[in-house]
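[1] Just the structure for this:
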Amino acid sequence: MKNISVISTETRNPRTQNLDRAGAAGIIAMINREDRQTVEAVKKASEQLETAVKETAKRFAKGGKIIFIGAGTSGRLGILEAAECPPTFRTDPRQIIGIMAGGKNSVFKAKEGAEDSAELGRKDILKAAGKGDIVFGVAASGRTPYVIAALAAAKKAGAYTNLVTCNDSADKKAADNIIYLATGPEALQGSTRMKAGTATKMALNIITTAAMALCGKIYKNYMVDVKASNKKLYARAVRLVRDITGAKPAEAEKVLKTVGYKVKNAVLIIKLGINAAQAEALLKKYHGRLQDII
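    Purely as a prediction, here's the structure:
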């Protein structure tokens, strides 16, 4: 294992050595310049991301769980990704899960030492992961004991494993698929909540969005499986039905109310002139893929 002092995200950035004396405008410019590297880092990982997307979609479609596990900033990003999927894609919260070293309380307050416990990582992942699931270990350093141990245990349990890391020193055998995001040294030395965190968020966004698209939860670029749970999302559901079918807002809202604000069901009722039961049957037959029906 490489000494942490020479891991790329821990080294000093030669381009920001005068960060403290740059003034507000200068600091902003420096950080902004560094942040541009995150897009390129994600682009370079396209092949590994494609593998992750295909494996995720395949397992999710068969009822497998998508599990993110990490510590610190990395763990919080996994928690965020898991939390955003149910309202965005109407997924079951039990099927997309975020696990944080130190438990739920660590999301808001760091629990020192939790990330160093390999045993805790093994115990936590085995409570959730099994055969047919897919696990994403998120660790900017690529060496967090909690995450590495969790990945090993998940793989042994029959899950497909991915390591999302910003360091090329990560053990290539740590997971079935290594998603390396080459973000380099941070503007503020060692603060991986910055470029590493940004690139990781981008990568996780790509994985879940693309996998859900492959599973039929997106029509064109419409969020047709949105779960309407507040005024903003109710209004979005109405706009979606209106835009896809050409219906008047009043008609769209009326039909949506009869199907519990399920956008795809309402679209089929209006577009095909069928009833709610027929719409539900069609979606079941075509595995929720609206594009295959209309």
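
[2] for the protein, which helix is longest?
    helix 23-44 (DSSP state H).

[3] so what secondary structure elements neighbour that helix?
    Applying 3 or more C-beta pairs under 8 Å, 6 or more residues apart in numbering; DSSP states H and E, we find helix 23-44 packed against helix 195-214. In short, each C-beta sits where N, CA and C put it, glycine included.

[4] Next, the buried residues of the helix it packs on.
    Across helix 195-214, burial judged by 16 or more other C-beta atoms under 10 Å covers 195-204, 206-214.

[5] and that helix with helix 23-44, angle?
    Calculated by axes from the mean of the first three to the mean of the last three C-alpha atoms, to 10 degrees, helix 195-214 forms an angle of 40 degrees with helix 23-44.

[6] Give the next helix or strand downstream of helix 195-214.
    Once the chain leaves helix 195-214, the next helix or strand it forms, by DSSP states H and E, is helix 231-245.

[7] Please list the residues outside that next one that contact it.
    Residues outside helix 231-245 that contact it (C-beta atoms under 8 Å, 6 or more residues apart in numbering): 87, 219, 222-224, 226-228, 247-249, 252-253, 255-256, 261, 263, 266-267, 270-271.

[8] try it again with 10 Å
    In this structure, residues lying in contact with helix 231-245 by C-beta atoms under 10 Å, 6 or more residues apart in numbering are 87-88, 219-220, 222-224, 226-228, 230, 247-257, 261-272, 290, 294.

[9] Which of those residues are buried? Put it as a ChimeraX command.
    Buried residues among those (16+ other C-beta under 10 Å), as a ChimeraX selection:
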select :87,88,219,222,223,224,226,227,228,247,251,252,253,255,256,261,262,263,264,265,266,267,268,269,270,271,290
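
[10] So which residues of the stretch 51-200 of the chain form strands?
    Using DSSP state E, counting those that start in this stretch, the strands of the stretch 51-200 of the chain run over 66-70, 96-100, 134-138, 160-165, 177-180.

[11] What average pLDDT does the first one get?
    The reference is to strand 66-70. For strand 66-70, the mean per-residue pLDDT is 98.

[12] now swap in the last one and tell me
    The predicted model gives strand 177-180 an average pLDDT of 98.

[13] partners of that strand, with directions?
    Counting by DSSP bridges, the strands paired with strand 177-180 are strand 160-165 (parallel).
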